[in-house]
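Student: From the sequence below, what's the structure:
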Amino acid sequence: MKNFLPFLGLLLIAGAAHAQQPAPATGQTIILKPGQMQVQRNPAANRPDRAPVYPGGEQAMGLFFLEHINYPEAAKAKGLNGKVLVNATVNEDGSVSNPVVAKSLSPECDAEALRVVSLLSGWQPGMRRGRPLPVLVQLPVPFGEAGVMHVEQVRRQPARGRHQ
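Tutor: So this is what the prediction gives:
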């Protein structure tokens, strides 16, 4: 149970994953946020109508990270905490390819994040007009305290006045 609490935060962190289209020719990345996407009258040919979805949603992805991330000993010794942002393509068949570190934490954590993201499979692919297409996604992979969720308990104060 103690090992589960640090990764409850993963459920919230995984929610920060953003779906985005492959980079345009200008090299600028366009981020498409799930829930804020809408069908356009004349959209770009590679823009999805529906972003890729990990099976079981964000909670399942958080549990996947919980089960598969091996916090590197060198990072533990240095007390490193944070997230490695990884860009990867969710292909038409739901597989993940071409993971690349977008924001580094340390060489050890970066390598572990790439390893774990490569294991993610079974995605529902992004869709464009009812047909699957490859979509670039960005995933935050937490290490150390970055995966810990702090819960504050609030005590109820007894009502005063009526029954004293």
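Student: contacts and neighbour counts: CA atoms only from here.
Tutor: Will do.
Student: Now do the helices in the chain.
Tutor: Under the criterion DSSP state H, the chain contains helices at 5-14, 57-68, 73-78, 107-119.
Student: which one of those helices is the most hemmed in?
Tutor: By mean neighbour count, with neighbours taken as mean count of other Cα atoms under 10 Å, helix 5-14 ranks first of the helices of the chain at a mean of 20.
Student: Could you pull out the strands in the chain for me?
Tutor: Secondary structure of the chain by DSSP state E: the strands cover 18-20, 31-32, 82-90, 96-103, 126-128, 131-133, 135-143.
Student: Ok, which of those strands comes nearest residue 60?
Tutor: In terms of Cα to Cα, the element of the strands of the chain nearest to residue 60 is strand 135-143, at 13.6 Å.
Student: What's the mean pLDDT across the closest one?
Tutor: The pLDDT scores in strand 135-143 average 91.
Student: Can you list the strands that that strand pairs with?
Tutor: Strand pairing for strand 135-143, determined by DSSP bridges: strand 18-20 (antiparallel), strand 82-90 (antiparallel).
Student: report the angle between the axes of that strand and helix 57-68?
Tutor: Here strand 135-143 runs at an angle of 50 degrees relative to helix 57-68 (axes from the mean of the first three to the mean of the last three Cα atoms, to 10 degrees).
Student: List every C-alpha atom in strand 135-143, with coordinates, as CSV.
Tutor: Output of strand 135-143 as CSV, limited to C-alpha atoms (Å, rounded to 0.1, in the frame of the first residue of the first chain):
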residue,chain,number,x,y,z
VAL,A,135,-0.3,11.2,-34.0
LEU,A,136,2.6,12.6,-31.9
VAL,A,137,1.9,12.6,-28.2
GLN,A,138,3.8,14.0,-25.2
LEU,A,139,3.9,12.0,-22.1
PRO,A,140,5.3,13.1,-18.7
VAL,A,141,7.2,10.2,-17.0
PRO,A,142,7.6,10.9,-13.3
PHE,A,143,10.5,10.0,-11.1
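Student: between that strand and helix 107-119, how many degrees?
Tutor: 130 degrees.
Student: Out of the strands of the chain, which one sits most buried?
Tutor: Note that of the strands of the chain, strand 135-143 is the most buried (mean count of other Cα under 10 Å), with a mean of 25.
Student: Residue 114 reaches residue 100, doesn't it?
Tutor: Yes - using Cα atoms under 8 Å, residue 114 makes contact with residue 100 at a distance of 7.0 Å.
Student: shared neighbours, those two?
Tutor: Residues touching both residue 114 and residue 100 (Cα atoms under 8 Å, 6 or more residues apart in numbering): residue 86.
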